[in-house]
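*Asks:* What shape does this take:
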Amino acid sequence: MPDVDLIQAGSLSGLYREHHSWLQNWLRSRLGNVMDAEDVAQDTFVRVIRSRQDVASLRKPRGFLVTVARGLTIGLFRRRSLEQQYLDALAHLPKPEWPSEEEQALVLETLLEFDAMLDGLGHKIRQAFIYAQFEGLTYVQIAAILGVSDRTVKNYMAKALAHCCLYRRQLAGA
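*Replies:* So this is what the prediction gives:
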């Protein structure tokens, strides 16, 4: 009986050989940047490997690869946008108050982690969580800002906290 992992490895190798250049060119035409296209193409195949997807059974491998690559591209743009917002916020501070480059890297890493953790929450739920956790607002204040009842804010917070707990659990299991 053939070893399933060997078959899968052969399928992954074939998928890479047959579609890597095509995916890289496709990404280059969309991103307009060779380096980003190379990075996202490589990350796409890493994601496929980690997913343990049975690539031998894919009917439309290019469609599958494009779906994975699009998700990674969205993540890339989100990270860059968040980084730019952080740099813009720093620009409003006098230079002597800027954190060191190491501290900036740690802050940015933390911001990216929070962004990833809150990803998938509805806009109002996310806003309620941010107002409560980072602005220190009460549920009544949040309700007034969001135009909902304080009971709705309580529900939003319960959903947000459950979402964050599940996210942390997934990280611990990864």
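
*Asks:* per-domain residue ranges of the protein.
*Replies:* 1-101, 120-174 (automatic domain parsing).

*Asks:* Any chance of CSV for those domains, columns mean pLDDT, mean neighbour count and distance to residue 109?
*Replies:* Just so you know, the C-beta spots here come from the backbone N, C-alpha and C atoms, and that holds for glycine as well. What follows is the domains of the chain, written out as CSV (pLDDT from 0 to 100; neighbours: other C-beta atoms under 10 Å; distance: least, C-beta to C-beta, whole Å):
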stretch, mean pLDDT, mean neighbour count, distance to residue 109
domain 1-101, 86, 14, 10
domain 120-174, 92, 15, 14
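
*Asks:* Let's have those domains in JSON lines, adding distance to residue 107.
*Replies:* Formatted as JSON lines, the domains of the chain follow (distance: least, C-beta to C-beta, whole Å):
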{"stretch": "domain 1-101", "distance to residue 107": "7"}
{"stretch": "domain 120-174", "distance to residue 107": "13"}
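
*Asks:* and residue 112, which of those is closest to it?
*Replies:* Across the domains of the chain, residue 112 has its closest neighbour in domain 1-101 (5.9 Å, C-beta to C-beta).
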